[in-house]
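Student: Provided below for reference: sequence and predicted model.
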Amino acid sequence: MQRCDYLLSQLDVLEAESIHIIREVAAEFERPVLLFSGGKDSIVMLRLAQKAFWPAPIPFPVMHVDTGHNFPEVIEFRDRRVAALGVRLVVASVQDSIDSGRVVEETGRRASRNRLQTTTLLDAIEEHEFDAAFGGARRDEEKARAKERVVSFRDEFGQWDPKNQRPELWNLFNTKIKRGEHVRVFPLSNWTELDIWDYIRREELELPGIYFAHTRTVFERDGMLLADLPYANRGEDEPAFEATVRYRTVGDASCTGAVKSNAATLDQVIEEIAATRITERGQTRADDRASEAAMEDRKKEGYF
Amino acid sequence: MDAPEQPGGQPLKNMDILRFATAGSVDDGKSTLIGRLLFDSKSIFEDQLESVERTSADRGEEYTNLALLTDGLRAEREQGITIDVAYRYFATPRRKFIIADTPGHIQYTRNMVTGASTADLAIILVDARKGILEQSRRHAFLTTLLKVPHLVVAVNKMDLVGYDRGVYESIVDEFTAFASKLEVGDLTFIPISALHGDNVVERSVNMPWYDGSSLLHHLEHVHIASDRNLIDVRFPVQYVIRPHASTDPELHDYRGYAGQVAGGVLKPGDEVVHLPSGLTTTITHIDGPNGPLQEAYQPMSVTLRLADDIDISRGDMIARPGNRPEVAQDLDAMVCWTTPDRELVPRMKLVIKHTTRTARAMVKDLNYRLDVNTLHRDEGATALGLNEIGRVSLRVTQPLFVDDYGRNRLTGGFILIDEATNNTVGAGMITGAR
């Protein structure tokens, strides 16, 4: 009899841990915000926030850092989800940062707004005086992220100092900061990609359509399939073609690759992910291929 | 307006989670072992492996250096050392595993303490050629100080001693003798070669004299469900849920006390006591993440509804009238000091965070400093520096609801925060309260 053993499944344990983290931060900070991209991880995070405070509404707004290089399906999904939950949406726009001269758009074929997001994000945190920002990053994603704390301190410049992090023991989190500083909070730290998918299936969560196999005009660059959207700067030597693809991650459309796939249902996607031999970031993120320490460098600057 | 439908799905009971910490120095082959577990359980992906193979080849190494898989930061790869706790994940059909990979250097005791604080099991690596070293003893001591319930001593590099049974057995004897001085729960020895994979996932053909399990088999089967405290009901109130704005009469009166169960089993109908008031009431409902629950236990995050209107806020504790934690302002604790910035000295004032309660604390006395290598108590010590451990008496500004750390890790552990820098400067384990 399982009840006699008081056993919980791994998803129940992860869910309990994440809810504990979300409640702790809501209790100890004055102005938390949840970073919501419309991607699968932030969808799970939003669900956990909903559960953490039920039947009360989620007591903080959500923020989307909008590169302007979006998949239209994702924006449509974002607005619908936010409206259904009745939470306030803050949109921080990279285009605004460019227009106001805070950042300069990269040039060339591989120009991406990915790195520019950091400035937009930090400016928005400062403008709205957010003191805690929930992010959907997981430690299994990437090797610099494997060293990340659950409640991770950022100084007045938004910087992460990986060699000088606050130790985290038991389920106790140090939430002390000074004015102008903030923390990033990662409630999904201990989840893996497969846990996320299993949870989406268990909770019957809706996802943007781009996560499932669909026909799309793409072209190949650096071994990745990119959507032939205007801001991808497809060159003449990069022929476009139709393919059946799905997205494994959702990021800036100019540097997020699609994978060839016929997995059209959740069960098929999970089957495919369980069998894959390549990491999600390695397969689909051009931004991480820049160098061995690309993520570490961006995180130190204040990236997600 | 209708009450919002509670979000929820169908809970699956398939796998559980084992959290384990690994300790050892660079030379013990700890990173190689973790790399081997990830590799042999097919948790390493091709792009990660290619990157490691490329780096190994660039360095002119004979074998693919699986240790490179676990070093995440630039400085770590450059210096060939591990700086910080890194968390790794893998799963087999039986269990999901979370590894806290902690560096073994002396200056990183605080990382080991951090990794061990949430671990169900610790693996201590011993180099078969070198036997039990000072740091093996230190790791074993820290494991028992943090009350990690299960300890595995992996005698590594058996290939370099010709898979010799005598070498292994003398290490087992020496460690067993030392461990008898410590409060070790469950102790297991396994002879392995992380480099070649002997007894890591599969039983080794090179050591037919060994009749125990492989390391992975042991990790998959070690029984951890009984390690939790299911006896002493402890529910630290984390957050009060009151859906103010709603016009729904049912929601209007909703008042729930949210938190993570820290001990015992709670059920609707149970009589409970609220601390600090001492008032008793009854649990009417337990709301879980997927709907109403008939019982709640560690580590569930739930919301309690109570029969009586009592003034309850964050930092309070719910327990059973006949089984309460100590309500104490004077604590004795073992403290591990985690900052190089300043030393712990008597009269020092700090912030203490214990369960969901935060208060100020003053160091009344440093009873002794413990030499973690010899277990010698230096009663003449006047300060604790970085990575030093000592017995400390604290006076706290308001009562805390505590248990001995040996009885409950969640109600017996606390952190200390420097009021000036806001850094976490100490980790404490309560040994007595008044």
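Tutor: Arrived safely.
Student: let me know the helix or strand that the one residue in the stretch 151-300 of chain A that gets nearest to chain B is in.
Tutor: The stretch 151-300 of chain A approaches chain B most closely through A:Gly282 (3.5 Å), counting by Cβ to the nearest Cβ. The way it works is simple: take the backbone N, C-alpha and C, and place the C-beta from them, glycine included. Using DSSP states H and E, A:Gly282 falls within helix A:280-284.
Student: stretch A:21-35 close to chain B?
Tutor: Yes - using Cβ under 8 Å from any Cβ of the partner chain, stretch A:21-35 reaches chain B at A:23-24, A:26-27.
Student: buried ones in that stretch?
Tutor: A:21-29, A:32-35 (16 or more other Cβ atoms under 10 Å in any protein chain shown).
Student: among those, which pair sits farthest apart?
Tutor: Maximum pairwise distance in the buried residues of stretch A:21-35, criterion Cβ to Cβ, is 19.4 Å, between A:Ala27 and A:Leu35.
Student: one step back: now the residue of the stretch 151-300 of chain A closest to chain B, nearest residue through space, not along the chain?
Tutor: In space, and not counting its chain neighbours, A:Gly282 is closest to B:Asp47: 3.5 Å by Cβ to Cβ, 6 or more residues apart in numbering or on different chains.
Student: average model confidence for the strand or helix carrying the one you found?
Tutor: In the assignment (DSSP H and E), B:Asp47 maps to helix B:46-58. Mean per-residue pLDDT for helix B:46-58: 75.
Student: so which elements touch that helix?
Tutor: Other helices and strands packing on helix B:46-58, by 3 or more Cβ pairs under 8 Å, 6 or more residues apart in numbering or on different chains; DSSP states H and E, are helix A:280-284.
Student: chain center to the helix or strand following the helix it packs on: distance?
Tutor: The helix or strand immediately downstream of helix A:280-284 is helix A:294-301, counting by DSSP H and E. With Cα atoms, centre = their mean, to the nearest Å as the basis, helix A:294-301 stands 15 Å off its chain's centre.
Student: find the nearest non-adjacent residue to the most centrally placed residue in chain B, please.
Tutor: Among the residues of chain B, the one closest to the centroid is B:Thr118, at 1.6 Å (Cα atoms, centre = their mean). Nearest residue to B:Thr118, sequence neighbours excluded (Cβ to Cβ, 6+ apart): B:Arg19, at 5.5 Å.
Student: quick check: buried residues in the host helix or strand of that neighbour?
Tutor: Per DSSP H and E: B:Arg19 is located in strand B:16-23. Within strand B:16-23, the residues that qualify as buried by neighbour count (16+ other Cβ under 10 Å) are B:16-23.
Student: what residues sit buried inside the helix holding B:Asp47?
Tutor: Judged by neighbour count using 16+ other Cβ under 10 Å, the buried positions of helix B:46-58 are B:47-49, B:51-52, B:55-56.
Student: which one of the residues you listed is nearest to B:Ile241?
Tutor: When the buried residues of helix B:46-58 are compared against B:Ile241 (criterion: Cβ to Cβ), the nearest one is B:Gln48, at 42.2 Å.
Student: thinking again about what came up before, I'd like the residues of stretch A:21-35 next to chain B as a markdown table, with secondary structure and pLDDT appended.
Tutor: Formatted as a markdown table, the residues of stretch A:21-35 next to chain B follow (DSSP: H, G, I helix; E, B strand; the rest coil; pLDDT from 0 to 100):
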| residue | secondary structure | pLDDT |
| --- | --- | --- |
| A:Arg23 | helix | 98 |
| A:Glu24 | helix | 98 |
| A:Ala26 | helix | 98 |
| A:Ala27 | helix | 98 |
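Student: end-to-end on stretch B:206-216?
Tutor: End-to-end distance for stretch B:206-216, by Cα to Cα, to the nearest Å: 17 Å.
Student: residues touching it, excluding its own?
Tutor: Under the criterion Cβ atoms under 8 Å, 6 or more residues apart in numbering or on different chains, residues B:37, B:40-41, B:92, B:123, B:152, B:154, B:158-159, B:163, B:165, B:168, B:188-193, B:198-204, B:218, B:221 lie in contact with stretch B:206-216.
Student: how does it look with 7 Å?
Tutor: B:37, B:154, B:158, B:163, B:165, B:190-192, B:198-203 (Cβ atoms under 7 Å, 6 or more residues apart in numbering or on different chains).
Student: next step: these restricted to helices.
Tutor: Among the contacts of stretch B:206-216, the ones falling in helices (DSSP state H) are B:37, B:165.
Student: who wins on neighbours among the contacts of stretch B:206-216?
Tutor: Neighbour tally across these (other Cβ atoms under 10 Å in any protein chain shown): the maximum, 30 neighbours, falls on B:Pro191.
Student: surely that one touches B:Asn199?
Tutor: Yes - B:Pro191 is within contact range of B:Asn199, at 6.2 Å (criterion: Cβ atoms under 7 Å).
Student: returning to that earlier point: packing partners of the strand holding B:Arg19?
Tutor: In this structure, strand B:16-23 makes packing contacts with helix A:10-28, helix B:30-40, strand B:95-101, helix B:109-117, strand B:121-127, judged by 3 or more Cβ pairs under 7 Å, 6 or more residues apart in numbering or on different chains; DSSP states H and E.
Student: and whichever residue of the stretch 251-400 of chain B sits closest to chain A, bridged to which residues?
Tutor: Across the stretch 251-400 of chain B, no residue is closer to chain A than B:Ser301, which sits at 4.0 Å (Cβ to the nearest Cβ). Here B:Ser301 sits in beta bridges with B:Gln260, as judged by DSSP bridges.
Student: now B:Pro249: phi and psi?
Tutor: Here is the backbone geometry of B:Pro249 (degrees, to the nearest 10): phi -60, psi -30.
Student: gap between it and B:Arg305?
Tutor: 16 Å (Cβ to Cβ, to the nearest Å).
Student: ditto for A:Glu236
Tutor: The gap separating A:Glu236 from B:Arg305 is 66 Å, by Cβ to Cβ.
Student: neighbour count winner among those two?
Tutor: A direct count of neighbours by other Cβ under 10 Å for A:Glu236 and B:Arg305 places B:Arg305 higher, at 17 against 5.
Student: state the helix or strand in which that one lies.
Tutor: Counting by DSSP H and E, the element that carries B:Arg305 is strand B:301-306.
Student: and if you look at B:Leu394?
Tutor: Assigned by DSSP H and E, B:Leu394 falls within strand B:389-402.
Student: following element in sequence after that strand, please.
Tutor: Following strand B:389-402 in sequence order, the next helix or strand is helix B:409-412 (DSSP H and E).
Student: which one is B:Gly412 nearest to, not counting chain neighbours?
Tutor: Of all residues not flanking B:Gly412 in the chain, B:Tyr405 sits nearest, at 3.1 Å (Cβ to Cβ, 6+ apart).
Student: what about the one you found, how many residues nearby?
Tutor: Count around B:Tyr405 with other Cβ under 10 Å applied: 21.
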